[in-house]
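Participant: Sequence first, then the predicted structure, then my questions.
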Amino acid sequence: MPAYDTSINPPAPVANVTLRNPANGAIVADVPMLLDSGADVTLIPELAISELAAGVEVGQDYELEGFDGTRSLAAAAQLHMVFLARTFKGRFLVTPQAQGVLGRNVLNHVSLLLDGPRLTWSESPGHPRGA
């Protein structure tokens, strides 16, 4: 079971994902992503986009609104992301933060168990893939 990231306060569940640029086949592993069921969309760290040499879609910025009402613009990139042995293909938004965010557009396809008292998380057993 992966441990929560205790370097942030309060500790939070973080997963490492693998990203692939479908245009050139470049791969970046162990990209840290906060598991955030409150986020509508998934945000990929800008550094990973650079390492993949993935171009962002020009003129296709998306407006984001934070929980505090702060608004910002985010570019998007076409990527493949592997999380819990599943590949998610599509357009993901880009964040300048070092840690990305796994939002509901991905999390709604998996069943997770967050064990706050033990500061761990895992894929929930007993739920067949694709069900």
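Facilitator: Right, received. Where do you want to start? Just so we're clear, the structure is a prediction, and the values are computed from it rather than from any experiment.
Participant: Skipping its backbone neighbours, what lies nearest the residue nearest the centre of the chain in space?
Facilitator: Geometric centre of the chain, nearest residue: residue 102, 3.1 Å, by C-alpha atoms, centre = their mean. The spatial neighbour of residue 102 that comes closest, neighbours along the chain excluded (C-beta to C-beta, 6 or more residues apart in numbering), is residue 33 at 4.6 Å. Glycine gets a C-beta too; all of them are placed from N, C-alpha and C.
Participant: surely that neighbour meets residue 103?
Facilitator: No. Judged on C-beta atoms under 8 Å, residue 33 makes no contact with residue 103 at a distance of 9.5 Å.
Participant: Comparing the two, which residue is more hemmed in?
Facilitator: Neighbour count, other C-beta atoms under 10 Å: between residue 33 and residue 103, residue 33 has more, with 24 against 21.
Participant: Can you give me the distance of the more buried one to residue 117?
Facilitator: 23 Å (C-beta to C-beta, to the nearest Å).
Participant: And residue 39, by the same measure?
Facilitator: Going from residue 39 to residue 117 by C-beta to C-beta gives 24 Å.
Participant: neighbour-wise, which of those two wins?
Facilitator: Taking neighbours as other C-beta under 10 Å, residue 39 and residue 117 compare with residue 39 leading, 19 against 5.
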